[in-house]
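Chemist: Sequence and computational prediction follow.
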Amino acid sequence: MSLGLLLAVYPLPSHYAWFRPEFIALLSIFFALYHPYRFGVISAWTIGFIQDVVVAGVWGAHALAQAFVVYVCLCSYQRLQSYGIVQQTLWVFVFVGVHQMAVNWVQGLDGYIAPAQMIILPSVVTALCWPLLAVLLKPASHFSHH
Amino acid sequence: MAALFVLSTLLIYAFIATPWLNDTRNKTLAFAAPFYHITDIPRKLSEWGHARLISRDQLIQENESLRSDLLVHQRKLQQLAFLAAENTRLRQLLNSADTINQRVLVADLIGVAPDPSIHKVFINRGTDDGVYIGQPVVDAFGLIGQVVNVSASDSAVLLISDTSHAIPVQINRNGERLIAEGRGSVFELGLRHVPTTLDIQEGDLLVSSGLDQIYPAGYPVATVQKITYDPGRPFAEVTAVPKAQLNRNRYVLLVFATEQKRPNLTFSESTIVSQSTTVSQSTTVSESTTVSESTTVSESTTVSEKAPLPESSVDTSLPTAASNAPSSVSKPSSVSKPSSVSKPSSVSKPSAAPGLHASPAAEQ
């Protein structure tokens, strides 16, 4: 997660800043799906709050979005676990889209409004990162299960 | 989940609508800064590599060009010293004494807020270096923004292009006052409430007017880019391009106001104005600010005035536009003091600053 935070603040050229994947949300979704008994909404909220502090945004924006997305994941982790990688990717796209909506809604309250296509863009990029993450982290999580 | 939702809502409300979290925000900056320091390491390494692996020929060439640059700037400074002295004399005639004495401190940029809609940068100077909330930050070309959060060793700077930021400016050519607000793009500022009859042209230089009590007067802010007159609207739509390189800086300058208001006239040219023609005009706008640097919350007494510009009478009743204004007391000075005997004449060098400053000194 610390690595996720580092990636979340890693400097990108301003042209590519909109393409930054939501690493924290991606990792949270992964942990909620594959470690549902160890990773709950409170941990998700706390990590979201830390992200808010680090990225100097509105406090509570990422926390709220994280808690909500992880809650939905935890409600449906059994079904999502059994899906294929393509289906999972599509669902991750939806989850991160909801996450982005929540974050931008809260930041909109403070006067920072992102254009709509700029909400979809990070969701797409994040969803495309999902297969990579699943391939990298799933063997490790299998190992820790047994 | 419901409890977390309520907690989030309360937190968001407290953050947006109340000042309760301000102290905590300053403290948590110390927690956030290491992340930016770590992600800054690759850049530092590459910079180190560039500095070490440069060829001798290149160094010699660079040295030569720097030398010639220095010569050019020194010539400009000579002229500025003369202008400062002349300004002092004119100011005496007008019975107004206060003027600029600003020292500056160089800060290294360690990070940029990752959200593209939030225009904040992080620099490696904090309260240990005397940085205070509301302190103006400039680069070689113009104003960048102001410090909004400060911890012991780092601080967060809100850029003038942030959507929550606005700065009172005036047109350098005729002294008309306007407000430039951020639009969420580093290449564009919007000018608010510009009457269609206002004398404004494309290419006009906008300088800070100092009426906000935060930014010192006379720093270049932006150049007017486009003016659109719509007969159906009461105001013209004007956009301007910031002078400062908001997204291309590695080093920025923190401007300190004077430590105490001095009766004698002190001049320090810390504005590095690119065109020499603007210098004579922008230095006529002066101010002196007293700031207590020990606390993070600054209290400043600013006396701003504009003498030789006929259109710009002193008007401090303009609302403070820039966000996060420190509590400040203001009094217009050129209005009162009709009989004060002005004795300022010695133009002294400002006290040695830890950072770099260019200060022409002239004896009268």
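Modeler: Received it, and whenever you're ready, just let me know what you need.
Chemist: Run through the chain and note the low-pLDDT ranges.
Modeler: Answering for chain A, as no chain was given. Scanning chain A with the threshold set as pLDDT under 70 gives A:1-2, A:5, A:9, A:11-16, A:140-146.
Chemist: not quite, I wanted chain B
Modeler: B:94-102, B:258-364.
Chemist: Enumerate the residues of it near chain A.
Modeler: By CB under 8 Å from any CB of the partner chain, the residues of chain B that approach chain A are B:1, B:4-5, B:7-9, B:11-12, B:14-16, B:21, B:28, B:31-32, B:35-36, B:38-40, B:43, B:111-118, B:120, B:122, B:149, B:156, B:163-164, B:184, B:186, B:247. C-beta: built from backbone N, CA, C; applies to glycine.
Chemist: and these, which are buried?
Modeler: B:1, B:4, B:7-8, B:11-12, B:15-16, B:28, B:32, B:35-36, B:38-40, B:111-118, B:120, B:122, B:149, B:156, B:163-164, B:184, B:186, B:247 (16 or more other CB atoms under 10 Å in any protein chain shown).
Chemist: Mark which of the residues of chain B next to chain A are part of helices, please.
Modeler: B:4-5, B:7-9, B:11-12, B:14-16, B:28, B:31-32, B:35-36, B:38-39, B:43 (DSSP state H).
Chemist: So which other helices or strands are in contact with whichever helix in chain B runs longest?
Modeler: Looking across chain B with DSSP H, the single longest helix is helix B:56-93. Packing partners of helix B:56-93 (3 or more CB pairs under 8 Å, 6 or more residues apart in numbering or on different chains; DSSP states H and E): helix B:276-282.
Chemist: Pretty sure B:Met37 sits against B:Leu109.
Modeler: Careful, residue B:37 is His and not Met. No - using CB atoms under 8 Å, B:His37 is not in contact with B:Leu109, being 11.5 Å away.
Chemist: if you count what's nearby, which of these two comes out ahead?
Modeler: Using other CB atoms under 10 Å in any protein chain shown, the more surrounded residue of B:His37 and B:Leu109 is B:Leu109, with 20 against 16.
Chemist: my guess is that one is in a helix, correct?
Modeler: No - according to DSSP: H, G, I helix; E, B strand; the rest coil, B:Leu109 belongs to no helix; its state is strand.
Chemist: which residue is nearest the centroid of chain A?
Modeler: Using CA atoms, centre = their mean, the residue of chain A that lies closest to the mean C-alpha position is A:Ala25, 1.2 Å off.
Chemist: ok, now how distant is it from A:Gly4?
Modeler: 9 Å (CB to CB, to the nearest Å).
Chemist: Repeat that for B:Ile118.
Modeler: Distance of B:Ile118 to A:Gly4, given as CB to CB: 19 Å.
Chemist: same question, B:Asn124
Modeler: B:Asn124 sits 24 Å away from A:Gly4, going by CB to CB.
Chemist: got the buried residues for the longest helix seen in chain A?
Modeler: Assignment by DSSP H gives helix A:116-145 as the longest helix of chain A. For helix A:116-145, a neighbour-count test (16+ other CB under 10 Å) marks A:118-119, A:121-123, A:125-127, A:129-130, A:133-134 as buried.
Chemist: can you check stretch A:97-111 too?
Modeler: Of the residues in stretch A:97-111, those buried under the neighbour-count criterion (16+ other CB under 10 Å) are A:97-104, A:106-107, A:109-111.
Chemist: Now cross-check those residues against chain B and list the overlap.
Modeler: Residues of the buried residues of stretch A:97-111 in contact with chain B (CB under 8 Å from any CB): A:106-107, A:109-111.
Chemist: quick one: which of those sit in helices?
Modeler: Members of those lying in helices (criterion: DSSP H): A:106-107, A:109.
Chemist: which residues are contacting stretch B:29-40?
Modeler: A:5-6, A:9-11, A:53-56, B:110-111, B:122, B:124, B:149-156 (CB atoms under 8 Å, 6 or more residues apart in numbering or on different chains).
Chemist: do that again at 10 Å, thanks
Modeler: Residues outside stretch B:29-40 that contact it (CB atoms under 10 Å, 6 or more residues apart in numbering or on different chains) are A:2, A:5-11, A:50-56, B:25, B:44, B:47, B:108-114, B:121-124, B:126, B:148-156.
Chemist: likewise stretch A:81-89?
Modeler: A:29-30, A:33-34, A:36, A:79-80, A:90-91, A:126-131, A:134-135, A:138.
Chemist: what do you get for stretch B:3-16?
Modeler: The contact list for stretch B:3-16 (CB under 10 Å, 6+ apart) reads A:41-42, A:44-46, A:48-49, A:52, A:57-68, A:71, A:102, A:106-107, A:109-111, B:20-22, B:24-25.
Chemist: Mind doing that once more with 7 Å?
Modeler: A:41, A:45, A:58-60, A:63-64, A:67, A:106, A:109-110, B:20-21 (CB atoms under 7 Å, 6 or more residues apart in numbering or on different chains).
Chemist: Just the C-alphas of it, formatted as PDB.
Modeler: C-alpha atoms of stretch B:3-16 as PDB (Å, rounded to 0.1, in the frame of the first residue of the first chain):
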ATOM      1  CA  ALA B   3     -20.900   5.100  10.500                       C
ATOM      2  CA  LEU B   4     -18.100   5.500   8.000                       C
ATOM      3  CA  PHE B   5     -20.400   7.400   5.700                       C
ATOM      4  CA  VAL B   6     -21.400   9.800   8.500                       C
ATOM      5  CA  LEU B   7     -17.800  10.200   9.500                       C
ATOM      6  CA  SER B   8     -16.800  11.000   6.000                       C
ATOM      7  CA  THR B   9     -19.600  13.500   5.600                       C
ATOM      8  CA  LEU B  10     -18.500  15.200   8.900                       C
ATOM      9  CA  LEU B  11     -14.900  15.200   7.800                       C
ATOM     10  CA  ILE B  12     -15.700  16.700   4.400                       C
ATOM     11  CA  TYR B  13     -17.900  19.300   6.000                       C
ATOM     12  CA  ALA B  14     -15.200  20.200   8.500                       C
ATOM     13  CA  PHE B  15     -12.600  20.400   5.800                       C
ATOM     14  CA  ILE B  16     -14.600  22.500   3.300                       C
END
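Chemist: B:Lys243 contacts B:Ala222, correct?
Modeler: Yes - between B:Lys243 and B:Ala222 there is a contact under CB atoms under 7 Å: 5.8 Å.
Chemist: So B:Val207, which state does it fall into?
Modeler: strand.
Chemist: about what we covered before: could you dump the buried residues of helix A:116-145 into TSV with distance to chain B added?
Modeler: TSV is the format used below for the buried residues of helix A:116-145 (distance: CB to the nearest CB, whole Å):
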residue	distance to chain B
A:Met118	8
A:Ile119	11
A:Leu121	10
A:Pro122	10
A:Ser123	15
A:Val125	13
A:Thr126	14
A:Ala127	19
A:Cys129	16
A:Trp130	20
A:Leu133	19
A:Ala134	24
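Chemist: Let me know the closest of those to B:Gly134.
Modeler: The nearest member of the buried residues of helix A:116-145 to B:Gly134, counting by CB to CB, is A:Met118 at 30.8 Å.
Chemist: which stretches of the stretch 51-200 of chain B form strands?
Modeler: B:103-112, B:120-123, B:136-138, B:143-150, B:155-159, B:166-171, B:177-185, B:188-195 (DSSP state E, counting those that start in this stretch).
Chemist: Including distance to A:Ile85, could those strands go into a markdown table?
Modeler: Below are the strands of the stretch 51-200 of chain B laid out as a markdown table (distance: least, CB to CB, whole Å):
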| stretch | distance to A:Ile85 |
| --- | --- |
| strand B:103-112 | 34 |
| strand B:120-123 | 37 |
| strand B:136-138 | 47 |
| strand B:143-150 | 42 |
| strand B:155-159 | 40 |
| strand B:166-171 | 49 |
| strand B:177-185 | 37 |
| strand B:188-195 | 42 |
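Chemist: Which helix or strand contains A:His99?
Modeler: In the assignment (DSSP states H and E), A:His99 maps to helix A:85-109.
Chemist: Format the CA atom coordinates belonging to stretch B:225-245 as PDB.
Modeler: C-alpha atoms of stretch B:225-245 as PDB (Å, rounded to 0.1, in the frame of the first residue of the first chain):
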ATOM      1  CA  GLN B 225      -4.200  37.100 -24.300                       C
ATOM      2  CA  LYS B 226      -7.700  37.400 -25.600                       C
ATOM      3  CA  ILE B 227     -10.500  39.900 -25.200                       C
ATOM      4  CA  THR B 228     -14.000  39.000 -26.400                       C
ATOM      5  CA  TYR B 229     -16.700  41.600 -26.400                       C
ATOM      6  CA  ASP B 230     -20.200  40.100 -26.400                       C
ATOM      7  CA  PRO B 231     -22.900  42.800 -26.700                       C
ATOM      8  CA  GLY B 232     -25.300  40.500 -24.800                       C
ATOM      9  CA  ARG B 233     -23.200  40.500 -21.700                       C
ATOM     10  CA  PRO B 234     -22.400  43.300 -19.300                       C
ATOM     11  CA  PHE B 235     -18.700  42.400 -19.100                       C
ATOM     12  CA  ALA B 236     -16.000  41.500 -21.600                       C
ATOM     13  CA  GLU B 237     -14.500  38.000 -21.500                       C
ATOM     14  CA  VAL B 238     -10.800  38.400 -21.000                       C
ATOM     15  CA  THR B 239      -8.200  35.700 -20.600                       C
ATOM     16  CA  ALA B 240      -4.500  36.100 -19.700                       C
ATOM     17  CA  VAL B 241      -1.400  33.900 -19.800                       C
ATOM     18  CA  PRO B 242       0.600  33.700 -16.600                       C
ATOM     19  CA  LYS B 243       4.000  35.100 -16.800                       C
ATOM     20  CA  ALA B 244       5.500  32.600 -14.400                       C
ATOM     21  CA  GLN B 245       6.300  29.200 -15.700                       C
END
